[in-house]
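Chemist: predicted model and sequence follow; I will ask about them next.
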Amino acid sequence: MDAFQGHSDTPLWRAEMALPQVPASTVEPREDVLVVGSGFTGLYTALHLARGGRQVVVCDAGEIGWGCSTRNGGQVSSEMKPDLDDFIGRYGEDRARAILSTGIEAHRHLRQFVAEEAIACNYSVCGHFIGAHRPDRMEGLRHFLRQNARLGVEGEEIPKGRVSDFVASPQFHGGVHLADWASLHPGRLVAELVRLCLAAGVRFAPMTRVSRIEDRVDHITCLAGTRTVRAAHLVMATDGYTDGASKWMRRRVVSLASVVTATEAMDPAAVRALYPRASMVYDTRMNVTYHRPSPDGDRVVIGTVVPVNVTNVAACLPRVRRNILRLFPQLEGVKIAHVWTGFVGATFSHLPHVGLHGRMGYAIGYNGTGVAMSSYLGMKLAQKMLGKGGETALDGLELETRPFFHGQTWYRRPVLALHDLKDNMASRGATIG
């Protein structure tokens, strides 16, 4: 394990971002809007609420942007997890198409927002390549292309002989390419959103855990740190870091983990040799490995879903190392400079949800595709709270729970073991992971 000697547990994105100076602020006994979570969703929602005339304070149990917003891979896509045909059976064709087209609207909104606000976050339309880790996964990828084409997202099937156009890895047996999908630097996006929020008058209270949230019909009470707060409205923007602060929300968000690594600084020519088009790359495993060149072009960033205990990350590093070398034997002699963990929020519907529950607003449950969706739903949630519409095709969908589920995490290890088994079995039909 010499490759991990001396690594930092600070995410690369946090190491490379430069937050603006944030004035020290405290949460007052009475607040207009209290936002819980200072990641993408909380920042977008706070920004649009403040620009709409509301007084907003953003709280976080950690540092600003400490959660998944500076721990993800920086993939930007229009992907929505559910299968179109299944959804047509449940909701009818028009509603199903509208729901699953929300991802397209979200990516379009983020692209426009970055351009109009002059956001310096290395946004790049680099394309995404999804590679078949077994030959029998190609049929699932073809189905994936057909489903996306029906929604207006064009892609291309890539035969095995052309895989090297996108990634110099021996593990793929062909794949698909989505040319319009993009990438960005998550940490720099957080920093830019903080800049905009400060300019709009948003206050920040980092290292302030919010707990004991209760809706009193005409106001919400909670604890912000040790201070009792009465707020006119509250926003839950915690996604995979949702805890028991709101018992109602904790029953509806499932937390999923992955481990992300970034290599030491490399010769940019060596990184380009691995990624000729600087594409984002995934495999078709259920326990997916996702990777990319860093935005500055001098590192390889690899995320992988493995069993992980956040209090003993070192225990999963041997498997992480095997995954890295399976992907790129060329990295045998390259050290890993950063190792971090992150949690994404999943829902029982496999869809994100946005809405109001009494005086609590929420945009949550991105199922691993939140970089673009958080931009769009944060804006829509603010519009709802301001009484300015904010309608989406997701409106009216129940944010489901399950009997006896209260946020437990014991399921992670057996579920990942089952996924490992399925990943090594023959194709399960028109699915890819």
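Modeler: Perfect, I can see it now. Numbering: from 1, shown residues only.
Chemist: what is the neighbour count of D2?
Modeler: 8 (other CB atoms under 10 Å). In this view, the C-beta of every residue, glycine as well, is placed from N, C-alpha and C.
Chemist: quick one: it from E332, how far?
Modeler: 11 Å (CB to CB, to the nearest Å).
Chemist: what is in contact with these two at once?
Modeler: Taking CB atoms under 8 Å, 6 or more residues apart in numbering as the criterion, D2 and E332 do not both touch any residue.
Chemist: tell me the phi and psi of V56?
Modeler: As for V56, its main-chain torsions (degrees, to the nearest 10) stand at phi -130, psi 140.
Chemist: got it, and V301?
Modeler: Torsion angles, degrees, to the nearest 10, at V301: phi -110, psi 120.
Chemist: can you tell me the element the closest residue to it other than its chain neighbours falls in?
Modeler: Excluding the flanking residues, the one nearest V301 by CB to CB, 6 or more residues apart in numbering is A262, at 4.8 Å. Secondary structure from DSSP states H and E places A262 in strand 254-263.
Chemist: that strand - contacts with which helices or strands?
Modeler: Where contact means 3 or more CB pairs under 8 Å, 6 or more residues apart in numbering; DSSP states H and E, strand 254-263 is packed against strand 300-304, helix 317-327, strand 336-346.
Chemist: can you redo the ones you listed as TSV with mean pLDDT, distance to A245 and mean neighbour count?
Modeler: Formatted as TSV, the helices and strands packed on strand 254-263 follow (pLDDT from 0 to 100; distance: least, CB to CB, whole Å; neighbours: other CB atoms under 10 Å):
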stretch	mean pLDDT	distance to A245	mean neighbour count
strand 300-304	97	27	23
helix 317-327	96	31	18
strand 336-346	97	14	22
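Chemist: between these, which gets nearest to G161?
Modeler: helix 317-327 (19.2 Å; CB to CB).
Chemist: please enumerate the helices of the stretch 301-433 of the chain.
Modeler: In the stretch 301-433 of the chain, helices defined by DSSP state H, counting those that start in this stretch lie at 317-327, 370-386, 412-423, listed in chain order.
Chemist: return the most buried member of those helices.
Modeler: helix 370-386 (a mean of 25; mean count of other CB atoms under 10 Å).
Chemist: so which elements touch that one?
Modeler: Using 3+ CB pairs under 8 Å, 6+ apart: helix 370-386 touches helix 40-51, strand 75-76, helix 102-116, strand 227-236, strand 353-357, strand 360-364.
Chemist: could you dump these to TSV with mean neighbour count and distance to R150?
Modeler: TSV is the format used below for the helices and strands packed on helix 370-386 (neighbours: other CB atoms under 10 Å; distance: least, CB to CB, whole Å):
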stretch	mean neighbour count	distance to R150
helix 40-51	28	29
strand 75-76	26	21
helix 102-116	18	12
strand 227-236	21	33
strand 353-357	19	24
strand 360-364	26	26
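Chemist: mind putting the ones you listed into a markdown table with mean pLDDT and distance to R326?
Modeler: What follows is the helices and strands packed on helix 370-386, written out as a markdown table (pLDDT from 0 to 100; distance: least, CB to CB, whole Å):
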| stretch | mean pLDDT | distance to R326 |
| --- | --- | --- |
| helix 40-51 | 98 | 31 |
| strand 75-76 | 98 | 20 |
| helix 102-116 | 98 | 30 |
| strand 227-236 | 98 | 38 |
| strand 353-357 | 98 | 36 |
| strand 360-364 | 98 | 34 |
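Chemist: now for the ones you listed, which one comes closest to V320?
Modeler: V320 sits nearest to strand 75-76 of all the helices and strands packed on helix 370-386, at 18.9 Å, using CB to CB.
Chemist: which ones are touching M373?
Modeler: Here M373 is in contact with 102-103, 106, 352, 366 (CB under 8 Å, 6+ apart).
Chemist: cutoff 7 Å now
Modeler: 103, 106, 352, 366 (CB atoms under 7 Å, 6 or more residues apart in numbering).
Chemist: how about the first one, nearest residue that isn't a chain neighbour?
Modeler: With CB to CB, 6+ apart as the measure, S78 is the residue that lies nearest to G103, at 3.9 Å, once sequence neighbours are left out.
Chemist: per-residue confidence for W410?
Modeler: With respect to pLDDT, W410 scores 87.
Chemist: contacts only, for G244.
Modeler: By CB under 7 Å, 6+ apart, the neighbours of G244 are 250, 407.
Chemist: now do the one 4 residues further on
Modeler: Residues counted as contacts of W248 (CB under 7 Å, 6+ apart) are H357.
Chemist: how much space between it and E31?
Modeler: 20 Å.
Chemist: low-confidence ranges, the protein, go.
Modeler: Applying pLDDT under 70 to the chain picks out residues 1, 428-433.
Chemist: and the residue nearest the centre of it?
Modeler: G370 (3.9 Å; CA atoms, centre = their mean).
Chemist: so can I have TSV of the helices and strands packed on helix 370-386 showing distance to G131?
Modeler: Below are the helices and strands packed on helix 370-386 laid out as TSV (distance: least, CB to CB, whole Å):
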stretch	distance to G131
helix 40-51	27
strand 75-76	15
helix 102-116	21
strand 227-236	36
strand 353-357	31
strand 360-364	30
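Chemist: all set now, cheers.
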